[in-house]
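Asker: need the 3D shape of this:
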Amino acid sequence: MRCSTVLPAGTWNPANATDRVLIDYDNRHRRRILLRTEMDAELLLDLAQAVRLRDGDGLALDGGGVVRVCAMPENLLEIHAHEEGELVRIAWHLGNRHLPVQLLDDRIRIRADHVIREMVEGLGGHVEEIDAPFDPEAGAYAGGHHHHHHDDD
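Answerer: A predicted model of the protein is given here:
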């Protein structure tokens, strides 16, 4: 199977997916990669330029059909704070260290790191280790397609 077109999440019906690929964050920014689907088929992602794949995107197969992109659960830290201002201050410190962060309504997710965990706790944050898909912000200068964030993990 070969895919040369990505269908952004929300632009296609996931019920029509013929298969799924489970991909971690590091492997979701690609132009060309050989993937193995959940049904154990090989899928060549062959795009004109690199794209940041997001959970829920569809990989339109050249011969018909769509394979759904699923973000693989990863070891993360979920950060909470008692007050909104504390969470904003924590976010600033994380950004100052150029860490990829996923912003949710009242919490922040980062990759698990014991040094950063201690820093966050020192700033008054509360940290919980979780396994969940990681879908950090793309950054102000990132290209590719854009999505709305969903808080349904």
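Asker: the spatially most central residue of the chain: which element?
Answerer: The chain has residue 135 as the residue nearest its centroid, 2.2 Å off, counting by CA atoms, centre = their mean. Assigned by DSSP states H and E, residue 135 falls within no helix or strand.
Asker: now for it: which residues touch it?
Answerer: Applying CB atoms under 8 Å, 6 or more residues apart in numbering to residue 135 gives the contacts 25, 54, 55, 71, 102, 149. To be clear about C-beta, it is placed using only N, CA and C from the backbone, and glycine gets the same treatment.
Asker: check what pLDDT it gets.
Answerer: Residue 135 is assigned a pLDDT of 88 by the prediction.
Asker: phi first, then psi, for it.
Answerer: phi -140, psi 70 (degrees, to the nearest 10).
Asker: okay, it and residue 96: tell me how far apart.
Answerer: Distance of residue 135 to residue 96, given as CB to CB, to the nearest Å: 21 Å.
Asker: ok, the residue nearest to the centre of the chain to residue 63 distance?
Answerer: Separation of residue 135 from residue 63 (CB to CB) stands at 29 Å.
Asker: give me the neighbour count for the closest residue to residue 41 other than its chain neighbours.
Answerer: Distances taken as CB to CB, 6 or more residues apart in numbering place residue 1 nearest to residue 41, at 6.0 Å, with adjacent residues excluded. For residue 1, the neighbour count with other CB atoms under 10 Å is 17.
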